[in-house]
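Chemist: What follows is a protein structure lacking sequence information:
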């Protein structure tokens, strides 16, 4: 099977089975999506959705969070991974949004990555989910599945390289959805330590390239 055939097979399956798909994070605005995405690093979306309602109740906007102290925000997020760093980033991010961007969410990679705690992956999530741009956010799930299914080459050994290879092969109109397709497949089927190959719809065509599939 050529790489093109592999892409066609996998994308056609997802197009048919999940034509409508989006993030599992819960949010009510671009700011809340950014907050939830920042918090989700090294943590499950399920856990983030448990704590954000109370956080957003007190800090629903960048203006509200910009007035908070780091210690105050920490109390609402202390059960997530790296709460000290995340609390600091959230407050700094909110203050920059207010002071530099007038409280409005920027829409470009260059602007978004100026915000404290926001890297390329997070910026791509915001652009894809909120602004509907064809950006490919590569998290650990997307990285792992892309390698195991043979969608990217072995030399694609960084998230950025994986992103660029996926963008070269996935039609622009599918890019936003493809991020979620690969992510959810990695989250529930092609898991890191115990992939459920016996439940995988791609098992017959999967080259099972486990070596190098994990993002260290």
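Modeler: Done, it's in. In this text, all values refer to a predicted model and were calculated from it rather than measured experimentally.
Chemist: so what's the backbone phi/psi at the nearest residue to residue 215 once chain neighbours are set aside?
Modeler: Spatial nearest neighbour of residue 215, chain neighbours left out: residue 143 (4.5 Å); criterion: Cβ to Cβ, 6 or more residues apart in numbering. Bear in mind the C-beta positions are built from the backbone N, C-alpha and C, glycine included. For residue 143, the backbone dihedrals (degrees, to the nearest 10) come out as phi -60, psi -50.
Chemist: can you give me the helices in this protein?
Modeler: Counting by DSSP state H, the chain has helices at residues 3-17, 30-39, 45-58, 62-66, 70-77, 83-101, 109-112, 120-129, 140-148, 159-169, 175-188.
Chemist: packing partners for the shortest one?
Modeler: Using 3 or more Cβ pairs under 8 Å, 6 or more residues apart in numbering; DSSP states H and E as the contact test, the elements touching helix 109-112 are helix 120-129.
Chemist: Any regions of the chain where pLDDT drops low?
Modeler: Across the chain, the ranges flagged by pLDDT under 70 are 216.
Chemist: domains in it, as residue ranges please.
Modeler: The chain is divided into the following domains under the TED database: 30-130, 136-205.
Chemist: So for the first one, first residue to last residue, what's the gap.
Modeler: Okay, so that is domain 30-130. By Cα to Cα, to the nearest Å, the extent of domain 30-130 from end to end equals 6 Å.
Chemist: doesn't residue 171 make contact with residue 7?
Modeler: No: using Cβ atoms under 8 Å, residue 7 is not in contact with residue 171, being 9.3 Å away.
Chemist: So between the two, which is more surrounded?
Modeler: Using other Cβ atoms under 10 Å as the criterion, residue 7 and residue 171 rank with residue 7 on top: 19 against 10.
Chemist: Can you give me the distance of the more buried one to residue 149?
Modeler: Taking Cβ to Cβ, to the nearest Å as the measure, residue 7 falls 9 Å from residue 149.
Chemist: And for residue 38?
Modeler: 28 Å.
Chemist: Give me the buried positions along stretch 187-195.
Modeler: Buried residues in stretch 187-195, counting neighbours by 16 or more other Cβ atoms under 10 Å, are found at 187, 189, 190, 195.
Chemist: ok, how many other residues are close to residue 125?
Modeler: 26.
Chemist: For it, which non-adjacent residue is closest in space?
Modeler: Nearest residue to residue 125 in three dimensions, chain neighbours excluded: residue 137, at 4.6 Å (Cβ to Cβ, 6+ apart).
Chemist: Kindly list the main-chain dihedrals of the one you found?
Modeler: Dihedral pair for residue 137: phi -80, psi 120, per degrees, to the nearest 10.
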